[in-house]
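A.B. asks: Next comes the sequence, and after it the predicted model I'd like to discuss.
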Amino acid sequence: MFENNLNSENCFDLYETSFVPEQEITTGSNYMFGNGYMGYRGTHPDATKENYAACIVTDTYDNADGKWQELCNVPNGLYLDIVVNGQKVSAFGDSLSHYKRRIDIETAKLTNEFSTDDVAISVERFASMDQIHILSMRLVLRAKQTCDVVVTTGINGDVWSINGEHFSEYNLSEVNGGLLMHSVTKELHTDIYVAEKAVFQCGAEVKENIDIGDKQVFRKVAAKLTPETPLVLEKFVAIYSSNDTDNPKELALDNLASVQKDGYQNAAEKHDIRWQALWDKYDIKIAGNDRDQTLTRFNLYHNIIHTPTHALLPIGARGLSCQAYQGAAFWDQEVFNLPMYLYTDPEIARNVLRYRYETLNGARRKARKLGYRGAFYAWISGKTGDELCPDFFFKDIVSGRKIRNHFNCWQIHVSPDVAYTIWKYYEVTGDKEFLHQYGAEMMLDISLFLLSRSFYNVDKDRYEYIRLLGPDEYHENVDNNIFTNYQARYTLQKTIEVYEQLTKENPSQLAALMNKLDISEETVNTFRHMIEKMYIQPINENGVIEQFDGYFGLEDVTPEELATRLIDKAEYWGWPNGVAVHTQVLKQADLVQLFVMHDDFDEDVVKANFDYYEPRTEHGSSLSPAMHSVIASKIGYDDFAYRYFVKSCTVDLYNTNKAISGGTFIGGIHTASCGAVWQMVVFGFAGFSVSDDTLHFKPALPAEWDECSFRVNHKANIVDVKMSRECIVLEGHKQNMAALRIDIGGHGMMLEPGQSVSR
Ligand code: IFM
């Protein structure tokens, strides 16, 4: 059914029946499980750091080698090693009689099965969605004939880390029959506790002993197994850090004792119930194409497991799949990960936007450092919101010299992207409490930054943004990138709306805010002036908008032609001397991105620009194909829309993106493209948008599908949507509080609670 060694039993799972060592990094990410608190890579049970085994935990940022902060890969509490008749039996073994690795996407459980002539082994692992600090594992080991078995399991502190060893000490102990490892991070001295408890059941006599090493604490269990006496190991691991609580050790031990008491079966059932509730909200069902159903769910699954919901923390560009991109948020978070939540489960979006509020001071520090007022959100934003992106991110791999990229100081669109999403959140929820308490402050301070960073061109009587980087990262140091200018103007417009709302509804709060941010009436008037005079690039006689000043004058070549000019495949194509810099080749959707976010361009303009920019786009970023799919759907380019849908959905599964660029490891799960699957189906194929409290649909179902259904939420009213090529049916939930205004392809109607409408 799939390429690349992938199969599915029920469109809610993925499995492989042979192991491809060359794909170890990617498959470890693809098969991973997690719960938003931690991500456990889907490597084999006996994987070590050489196999990129990792359990990445939120809020463990630390700088190990002076280079940059990243999340820690904590000691591996699920390590397992099996020896049968003196020989190691490994899931990596090349003489296995049976091998299967399967991630059950529906319940986020990973199963590894592997057999030899002597034994059949099955290992199930999951990160509880019910108790987010808990990892669980169940091993069933059956002997095919009598054999001596030694099972070693425990906590392995010798872990994979991209930028150096994070722990300065390891304290290992045995507590109440369980194992405990306390490690302390080097930079911020964060305490991390990993506690483990295992229970063995076996008809045969079992000998157990504990082995404490330097960075490892293991229990070894030996037994003589017969076919009648399988060995079953059930274990739990609790993980807490001192950033989670003041008493991580006590909580780890208590939490462990309570799940242990409840037992594995109950823990698994409670976890499954949580997942069922998540799928009720987020699932997209596709009839008529099993592959696309599985691809879609795979991407939704990853958007879910990498989203922290337990605290005010970012969604990482590589989520919890590894340490690449430092476990930190980019604009990806607002523009790619959040739309799915905004329209299905806005509380989650609120939580993530609260994270932006909590990190406002980091954004202010960044602005000050660069000489601006207001809030300039980081290109790479971790716990505090301070810029984590170093000045030198890539290197010129031909000369070996470091490249000064300006992602950290010129990519100013991140700030208006945050403001844009705050406003979208308000539009779909009507949550004024959030807007006034948090949104207003962020928007005013972002607008202040936009003012302070702008350049008023006296000769031309217009505001401009010069020396910047738009979404297309191959062109740095450009002036007036349309995406940036447009987003800036939108932000200023919405800031004025909030300001006027507060003037009427809560003048004292507004006064306090203006005072706190040191914004005067005059400054607000300047915001108004900027809205009026912001330079927005014109549409030329061919209907095309120039991406930035001077873009049309650059050499016009195709990405394919450009690829032939590379000296080394892993070269960075962008600034300062990459092959794309002096050409019109784009890294990723830029104007096309703008069209996804703003519905106010005529269809012919959107078409003309898609026609112009699409062939010039290299898709060097995994963010790009999905945006092309959405816009292609909207302009009736169905083949393009579908082709880009598949391309975006398989970025990780078919391993199509660069794992190393300019010498930097950027592998792992591309959470933005995972989140974007929702946009491709709902914004693209279903043509869904919301304006003035009206839910619009303009369906364009791919010819490859029979039916598609999903759920959207507008101001706490839930609508189930089902579309085929012939018709679309919308069903309002009985509990809805109001009738909803609907527009299907230009035909208006009302959807009453408990009723359905169709067309
Ligand atoms: O934010 C993106 C950027 O747009 C392209 N390079 C990778 C970043 C993280 O996904």
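C.D. replies: All right, it came through fine. Remember, it's a predicted structure, so these values are computed and weren't measured experimentally. Numbering: from 1, shown residues only.
A.B. asks: Up against the ligand, what does this protein have?
C.D. replies: 317, 325, 330, 331, 332, 471, 473, 621, 623, 672 (Cβ under 6 Å from any ligand atom). Where C-beta positions appear, they are placed from N, C-alpha and C, glycine not excepted.
A.B. asks: Next, format the residues you listed as a markdown table and append pLDDT.
C.D. replies: Formatted as a markdown table, the residues of the chain next to the ligand follow (pLDDT from 0 to 100):
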| residue | pLDDT |
| --- | --- |
| 317 | 97 |
| 325 | 93 |
| 330 | 98 |
| 331 | 98 |
| 332 | 98 |
| 471 | 98 |
| 473 | 97 |
| 621 | 95 |
| 623 | 98 |
| 672 | 98 |
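A.B. asks: Now for these: which two are most distant?
C.D. replies: The span of the residues of the chain next to the ligand, defined through Cβ to Cβ, is set by 325 and 471 at 16.3 Å.
A.B. asks: Relative to residue 221, how far out is the residue lying closest to residue 396 once chain neighbours are set aside?
C.D. replies: Counting by Cβ to Cβ, 6 or more residues apart in numbering, residue 396 lies nearest to residue 403, which is 5.6 Å off, once chain neighbours are set aside. Between residue 403 and residue 221 the distance is 52 Å, computed by Cβ to Cβ, to the nearest Å.
A.B. asks: out of those two, which sits in the busier spot?
C.D. replies: Using other Cβ atoms under 10 Å as the criterion, residue 403 and residue 221 rank with residue 403 on top: 21 against 18.
A.B. asks: Have a look at this structure and report its longest helix.
C.D. replies: The longest helix of the chain (DSSP state H) is helix 482-505.
A.B. asks: Using PDB, write out the CA atom coordinates for that one.
C.D. replies: Taking Å, rounded to 0.1, in the frame of the first residue of the first chain, the C-alpha atoms of helix 482-505 are listed here in PDB:
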ATOM      1  CA  ILE A 482       5.000  41.300   0.900                       C
ATOM      2  CA  PHE A 483       4.200  38.600   3.500                       C
ATOM      3  CA  THR A 484       5.800  40.700   6.200                       C
ATOM      4  CA  ASN A 485       4.300  44.000   5.300                       C
ATOM      5  CA  TYR A 486       0.900  42.500   5.000                       C
ATOM      6  CA  GLN A 487       1.100  40.700   8.300                       C
ATOM      7  CA  ALA A 488       2.300  43.900   9.900                       C
ATOM      8  CA  ARG A 489      -0.600  46.000   8.600                       C
ATOM      9  CA  TYR A 490      -3.100  43.300   9.700                       C
ATOM     10  CA  THR A 491      -1.600  43.300  13.200                       C
ATOM     11  CA  LEU A 492      -1.800  47.000  13.400                       C
ATOM     12  CA  GLN A 493      -5.400  47.000  12.200                       C
ATOM     13  CA  LYS A 494      -6.400  44.300  14.800                       C
ATOM     14  CA  THR A 495      -4.500  46.100  17.500                       C
ATOM     15  CA  ILE A 496      -6.600  49.200  16.800                       C
ATOM     16  CA  GLU A 497      -9.700  47.100  17.100                       C
ATOM     17  CA  VAL A 498      -8.700  45.800  20.500                       C
ATOM     18  CA  TYR A 499      -7.700  49.200  21.500                       C
ATOM     19  CA  GLU A 500     -11.100  50.600  20.600                       C
ATOM     20  CA  GLN A 501     -12.900  47.700  22.200                       C
ATOM     21  CA  LEU A 502     -11.000  48.400  25.500                       C
ATOM     22  CA  THR A 503     -11.700  52.100  25.200                       C
ATOM     23  CA  LYS A 504     -15.400  51.400  25.300                       C
ATOM     24  CA  GLU A 505     -15.500  48.400  27.500                       C
END
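A.B. asks: which secondary element of this protein has the worst mean pLDDT?
C.D. replies: The helix or strand of the chain with the lowest confidence, counting by mean pLDDT, DSSP states H and E, is strand 660-661 at a mean of 74.
A.B. asks: Parallel or antiparallel, list what pairs with the next helix or strand after that strand.
C.D. replies: Going down the chain from strand 660-661, the next helix or strand is strand 664-665, by DSSP states H and E. Strand 664-665 pairs in its sheet with strand 660-661 (antiparallel), by DSSP bridges.
A.B. asks: Now do the strand it pairs with: everything it contacts.
C.D. replies: Residues outside strand 660-661 that contact it (Cβ atoms under 8 Å, 6 or more residues apart in numbering) are 394, 570, 572, 666, 667.
A.B. asks: Among these, which one sits closest to residue 698?
C.D. replies: Nearest to residue 698 among those, with distances taken as Cβ to Cβ, is residue 666, at 35.8 Å.
A.B. asks: My guess is the closest one contacts residue 326. True?
C.D. replies: No. Judged on Cβ atoms under 8 Å, residue 666 makes no contact with residue 326 at a distance of 10.9 Å.
A.B. asks: Show me which of these two is the more surrounded one.
C.D. replies: residue 326 (23 against 19).
A.B. asks: Spit out the contact partners of the more buried one.
C.D. replies: Residue 326 neighbours (Cβ under 8 Å, 6+ apart): 61, 68, 69, 70, 71, 316, 380, 382, 388.
A.B. asks: nearest to the ligand, of the residues you listed?
C.D. replies: Checking those against the ligand by Cβ to the nearest ligand atom gives residue 380 as the nearest, at 8.3 Å.
A.B. asks: May I have the phi/psi pair for that closest one?
C.D. replies: phi -120, psi 110 (degrees, to the nearest 10).
A.B. asks: And the pLDDT at it?
C.D. replies: Residue 380 is assigned 97 on the pLDDT scale.
A.B. asks: what do you get for residue 1?
C.D. replies: Taking residue 1 on its own, its pLDDT is 63.
A.B. asks: ditto for residue 95
C.D. replies: For residue 95, the predicted pLDDT is 87.
A.B. asks: again with the one 5 residues further on
C.D. replies: At residue 100, the pLDDT value in this model is 98.
A.B. asks: just to confirm, which helix or strand has it in it?
C.D. replies: With DSSP H and E as the test, residue 100 turns up in strand 98-104.
A.B. asks: immediately after that strand, which helix or strand?
C.D. replies: strand 109-115.
A.B. asks: Contacts for that following strand next, please.
C.D. replies: 31-33, 40, 42, 44-45, 89-91, 93, 96-104, 120-126, 268.
A.B. asks: out of everything not next to it in sequence, what's closest to the residue nearest the centre of the chain?
C.D. replies: Nearest to the mean C-alpha position of the chain, by Cα atoms, centre = their mean, lies residue 671 at 3.0 Å. Take residue 671 and drop its neighbours on the chain: the residue closest to it by Cβ to Cβ, 6+ apart is residue 319, 4.3 Å away.
A.B. asks: didn't the one you found look like it was pressed against residue 308?
C.D. replies: No. With contact defined as Cβ under 8 Å, residue 319 does not reach residue 308; the gap is 9.5 Å.
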